[in-house]
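Student: Following is a predicted model, sequence given first.
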Amino acid sequence: MQYYSTNNKELKSDLKNAVIHGLAADKGLFMPEEIPALSQEFWQKLPNMPLGEIGFETLKHFFCPEIPEDDFRKLTDDAFNFPIPLFPVSDNISALELFHGPTLAFKDIGARFLARVMARFTADYGCDINVLVATSGDTGSAVANGFLGVKGVNVFVLYPKGLVSEVQEKQFTTLGQNITSIEVDGTFDDCQSLVKTAFMDDDLKQQLTLTSANSINLARFLPQMVYYFYAYAQAVKQGHDKINICVPSGNFGNLTAGLVAYKMGLPVNRFVAATNINDIVPKYFETGVYQTAPSIATPANAMDVGDPSNFIRVQELFNKELKTIKELIDSISIENEDIFSTIDKVYKKFNYILDPHGAIGYKALEKLLTDGEHGIFLATAHPAKFPETVEKIIGKEIKQPERLKAFLNGVKSIEVSSKEYGMLKQIVINRALKR
Ligand SMILES: *Cc1c(COP(=O)(O)O)cnc(C)c1O
């Protein structure tokens with residue numbers, strides 16, 4: 001399959017180039033040239049398919065034969081290796097728990113798949129690939145854990161000193177091996193701008209092959225469609241036929257994956273794109289004006305995005321027609337107060353502990369579902385990742401999953417950089433050439 005740039009349909013690329021470079025040469029995002037419909041046979045077999053097999057059957061249309069089918073089957077089995085249960089929280093709302101992976105957030109799914117695809121493509125590349133990623137918390141840990149131990153790839157995680165939570169920091173700074181964590185004396189924006197400078201530095205690019213691992217990479221968002229199919233299969237078993245899916249959204253990669261699944265034939269009644277008070281998309285739905293803005297900090301910080309990078313893909317899937325988009329998708333913004341009161345209420349009423357992102361999904365469904373409708377929200381992170389917020393509300397300690405404890409007991413090892421580019425560059429070069 002070929003992939004085209006959202007800036008120019010004629011500018012096409014093969015899979016390998018699209019994955020290694022992430023962005024098209026004209027800075028557009030890559031989209032698959034076509035979205036195939038899944039066969040009758042697939043739908044018949046779906047109820048009994050394990051997650052890895054759903055991954056293989058749906059993603060092979062995009063990744064094979066560039067990756068031979070036998071290898072790809074192993075790759076999907078290995079990438080999608082943790083449970084994703086659909087848990088009924090109330091009579092009409094269920095949680096799709098995406099947080100049972102290594103770093104307890106849904107980004108593990110895309111990151112694990114991306115790492116394995118990239119490793120395949122770098123194997124015959126002749127030299128190491130260096131992944132640079134700036135993080136405000138969650139992305140760094142998912143990417144670092146996804147790539148941990150992958151041959152031929154070095155990962156550099158840049159994070160702002162003192163501005164990520166202890167839990168988040170430990171999840172990437174204790175790994176070692178091919179992962180280098182760089183504490184930057186600055187803000188997240190400084191980290192991001194250092195990464196951007198590195199990508200534009202011809203001198204550096206002559207010495208090293210650089211790539212990024214954020215959700216603009218098609219091999220990071222496409223694998224996320226797997227759990228939409230899996231959610232549907234479980235919902236049918238639980239007695240629901242038409243599903244409404246609510247996606248807590250920041251950069252809109254997750255929603256894009258769901259929409260691709262829909263285009264392949266997934267029966268969804270309606271999608272809900274829920275945001276926090278960074279309400280660029282809900283405002284666009286309401287007014288028809290798309291106006292980006294600086295991001296505002298909220299308790300659901302992984303969704304603090306004022307310029308959602310993947311929304312262009314959503315538009316692309318519907319020929320940029322807002323009217324058509326609105327026939328399938330609702331969008332709503334949830335206030336901070338509602339995040340807190342929803343965590344409180346759902347715990348008291350149903351004994352279920354939501355994290356701030358999942359709370360946004362739950363609340364949005366509560367507001368938008370009509371009588372008799374069933375809704376599924378994507379529970380994107382484990383509440384134990386946000387103890388500062390959640391424990392205060394529910395009034396007790398959250399039990400930490402074992403793998404989180406293991407991180408917390410690990411020994412931190414970091415490099416330290418100022419926000420001045422020269423220093424960062426030297427660290428990257430030293431580490432990359434030493435390996
Ligand atoms: C990244 C993230 C989101 C937002 O997902 P997008 O694909 O960027 O819309 C939501 N919740 C959590 C916990 C996240 O880490």
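Tutor: Good, I have the coordinates. Quantities reported herein were computed from a predicted structural model and do not represent experimental measurements.
Student: drop to CA atoms for contacts and neighbour counts, all remaining ones
Tutor: Fine.
Student: Enumerate the residues of the stretch 301-435 of the chain near the ligand.
Tutor: 302, 303, 357, 380, 381 (CA under 6 Å from any ligand atom).
Student: Okay, and the beta partners of the last one?
Tutor: Okay, so that is residue 381. residue 105 (DSSP bridges).
Student: Residue 109 is in contact with that one, correct?
Tutor: No - contact between residue 381 and residue 109 fails when scored by CA atoms under 8 Å: they sit 12.0 Å apart.
Student: quick one, which of the two is more surrounded?
Tutor: Counted by other CA atoms under 10 Å, residue 381 and residue 109 do not tie: residue 109 has more neighbours, with 28 against 25.
Student: secondary structure element for the more buried one?
Tutor: For residue 109, the host element (DSSP states H and E) is helix 107-123.
Student: which of the residues in that helix are buried?
Tutor: Going by neighbour count (16 or more other CA atoms under 10 Å), the buried part of helix 107-123 is 107-122.
Student: Repeat that for stretch 89-101.
Tutor: Residues of stretch 89-101 classed as buried: 89, 92, 93, 94, 95, 96, 97, 98, 99, 100, 101 (neighbour count, 16+ other CA under 10 Å).
Student: and what of stretch 361-379?
Tutor: Within stretch 361-379, the residues that count as buried by 16+ other CA under 10 Å are 361, 362, 363, 364, 365, 369, 374, 375, 376, 377, 378, 379.
Student: And for stretch 397-408?
Tutor: Residues 404, 407, 408 are the ones in stretch 397-408 that count as buried (16+ other CA under 10 Å).
Student: Spatially nearest residue to the first one (excluding sequence neighbours)?
Tutor: Pointing back at residue 404 there. Excluding its sequence neighbours, the residue lying closest to residue 404 (CA to CA, 6 or more residues apart in numbering) is residue 103, at 7.4 Å.
Student: give me every residue that touches that neighbour.
Tutor: Contact analysis of residue 103 by CA atoms under 8 Å, 6 or more residues apart in numbering lists 141, 142, 145, 171, 403, 404.
Student: ok so, going back, ok, the buried residues of stretch 361-379 vs the ligand, which is closest?
Tutor: residue 379 (7.7 Å; CA to the nearest ligand atom).
Student: Let's verify residue 266: helix, strand, or coil?
Tutor: What DSSP: H, G, I helix; E, B strand; the rest coil gives for residue 266 is coil.
Student: For stretch 251-259, the averaged confidence score.
Tutor: Looking at stretch 251-259 alone, the average pLDDT works out to 97.
Student: one step back: quickly check the buried residues of stretch 89-101 for the two that are furthest apart.
Tutor: By the measure CA to CA, 92 and 101 form the most distant pair in these, at 26.1 Å.
Student: The residue nearest in space to the middle of the chain - nearest residue in space that isn't next to it in sequence?
Tutor: Taking CA atoms, centre = their mean, the centroid of the chain lies closest to residue 107, which sits 3.9 Å from it. Distances taken as CA to CA, 6+ apart place residue 142 nearest to residue 107, at 5.8 Å, with adjacent residues excluded.
Student: same deal with residue 378?
Tutor: residue 96 (4.9 Å).
Student: okay, the one you found: pLDDT?
Tutor: For residue 96, pLDDT reads 98.
Student: The helix or strand hosting it pairs with which strands, parallel or anti?
Tutor: Applying DSSP H and E as the criterion places residue 96 in strand 93-97. Paired strands of strand 93-97, with direction, are strand 86-88 (antiparallel), strand 375-379 (parallel) (DSSP bridges).
Student: ok, residues contacting the first one?
Tutor: Spelled out, it's strand 86-88. Contacts of strand 86-88 (CA under 8 Å, 6+ apart): 94, 95, 96, 97, 231, 234, 235.
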